[in-house]
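**Q** Pasted the sequence and its predicted model underneath.
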Number of protein chains: 2
Amino acid sequence: MKISDLAKRCGLSAHTLRYYERIGLLPYADRDRSGQRDYDASILSWIEFLGRLKTTGMPIRDMLLYAKLAGSGKATFSERREMLEEHRERVRAHVADLEACLRVLDGKIASYGEAEERMRDDKRNNANTPARART
Amino acid sequence: MKISDLAKRCGLSAHTLRYYERIGLLPYADRDRSGQRDYDASILSWIEFLGRLKTTGMPIRDMLLYAKLAGSGKATFSERREMLEEHRERVRAHVADLEACLRVLDGKIASYGEAEERMRDDKRNNANTPARART
DNA sequence: TCTTGACTTAGAGTGCGCTCGAAGCCGTAG
DNA sequence: CTACGGCTTCGAGCGCACTCTAAGTCAAGA
């Protein structure tokens, strides 16, 4: 598979794939006789997992550490598990944060909705009541 | 309230507070007779709300638009509500993504745990069984 | 044969969100 | 009076994660 094919399949640009290889996030890809990268489809599952780490906010330097451990075989299973467990906790905490934020947004949206409602009422009644406090 | 007091209370640095004022995310603060910013405590709730937007990944340019609308009174209630509704949808989608990632992490962690378990068993049995496929 | 287009490399540039430094002013404690 | 800490402004610098450019190579199709 050429780099542009892999790019299409994994949703990263060819630029980004080369960048990831350069920094060590992707293993050095085999080159064909004209020097072009020729990827094995098995790289896709690794890229997909990296995408999960990225989505969940893991910085590249941590992904690099994980990648290095993953290249060292069975001896690093427990270290990798611990990394992922710590990361999972951070992600869970972040999700909890986001859910709290969502509740705040819900409240704010509702209060705008109610304010708009009142404004429509005022208009319909053509009443000259004093302005209400903003929220 | 001086900038360092506000910084302590809201968790942003004085540098960041000045930066936010400079770009228009915070209203221009009153200065005392020696030119130093003197904040009213009411700024705290606005900063807290900005923090919610930031936590949920809203870029500063969008916060700036929201801030501009919020400075324009009642006429922009519906526009602000629509902004927040769209943002809320993005956040909900992101939370769903994160939850999918958490399930992947759970699976990965479990498989490391099982592999470690098997390695301990193998050691205890002192058996020279062939290596298993890595996951 | 010539053109086209995708690939290669090293390295520069971009956008975001801060973060810091320099130089100078102000008010209070000693 | 002086020293000190904290404030001011403006602008430069930083860390991250790409993103793009330039110059060149290569293989296949007209």
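**A** Now that the structure is in, tell me what you want to look at.
**Q** which ones are touching the most centrally placed residue in chain A?
**A** Closest residue to the average C-alpha location of chain A: A:Thr55 at 1.8 Å, with CA atoms, centre = their mean. Contact analysis of A:Thr55 by CB atoms under 8 Å, 6 or more residues apart in numbering or on different chains lists B:97-98, B:101. In this view, the C-beta of every residue, glycine as well, is placed from N, C-alpha and C.
**Q** what residues go with each domain of chain A?
**A** A:1-71, A:74-127 (automatic domain parsing).
**Q** what about the closest residue to A:Arg9 other than its chain neighbours, neighbour count?
**A** Of all residues not flanking A:Arg9 in the chain, A:Leu44 sits nearest, at 6.3 Å (CB to CB, 6 or more residues apart in numbering or on different chains). By the criterion of other CB atoms under 10 Å in any protein chain shown, A:Leu44 has 14 neighbours.
**Q** now do A:Leu26
**A** A:Leu26: 22 neighbours (other CB under 10 Å).
**Q** Who's the closest spatial neighbour of it, skipping the chain neighbours?
**A** A:Leu26 sits nearest to A:Tyr20 (CB to CB, 6+ apart), 4.5 Å away.
**Q** how far away is the one you found from A:Thr55?
**A** Counting by CB to CB, to the nearest Å, the gap from A:Tyr20 to A:Thr55 is 15 Å.
**Q** still on that earlier bit, could you report the distance from the residue nearest to A:Arg9 to A:Leu17?
**A** When A:Leu44 is compared with A:Leu17 (using CB to CB), they lie 11 Å apart.
**Q** Show me the helices in chain A, by range?
**A** Listed in chain order, the helices of chain A (DSSP state H) span residues A:3-10, A:14-23, A:43-55, A:60-70, A:77-125.
**Q** For these, please prepare a markdown table with the additional fields distance to B:Asp38.
**A** A markdown table is the format used below for the helices of chain A (distance: least, CB to CB, whole Å):
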| stretch | distance to B:Asp38 |
| --- | --- |
| helix A:3-10 | 54 |
| helix A:14-23 | 48 |
| helix A:43-55 | 43 |
| helix A:60-70 | 41 |
| helix A:77-125 | 28 |
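**Q** Export the ones you listed as TSV, with columns for distance to B:Arg61 and mean pLDDT.
**A** As requested, the helices of chain A are arranged in TSV below (distance: least, CB to CB, whole Å; pLDDT from 0 to 100):
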stretch	distance to B:Arg61	mean pLDDT
helix A:3-10	28	96
helix A:14-23	24	98
helix A:43-55	22	98
helix A:60-70	24	97
helix A:77-125	19	95
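**Q** Distance check, A:Tyr28 against A:Ile43.
**A** Between A:Tyr28 and A:Ile43 the computed distance is 11 Å (CB to CB).
**Q** Please say which of the two ends up with more neighbours.
**A** Taking neighbours as other CB under 10 Å, A:Tyr28 and A:Ile43 compare with A:Ile43 leading, 17 against 9.
**Q** For DNA strand C, what's the nearest residue on chain A?
**A** A:Ser4 (2.8 Å; CB to the nearest atom of the strand).
**Q** Which residue comes closest to that residue once chain neighbours are left out?
**A** Spatial nearest neighbour of A:Ser4, chain neighbours left out: A:Ala14 (5.7 Å); criterion: CB to CB, 6+ apart.
**Q** And for the one you found, the neighbour number?
**A** So A:Ala14, with other CB under 10 Å, has 15 neighbours.
**Q** residues contacting it?
**A** Going by CB under 8 Å, 6+ apart, the list of residues near A:Ala14 reads A:3-4, A:6-7.
**Q** now, the most widely separated pair of those residues?
**A** The most widely separated members of these, counting by CB to CB, are A:Ser4 and A:Leu6 (7.4 Å).
**Q** Name the residues of chain A found near DNA strand C, please.
**A** Within reach of DNA strand C by CB under 7 Å from any atom of the strand, chain A has these residues: A:2-5, A:14, A:18, A:22, A:31, A:35-37.
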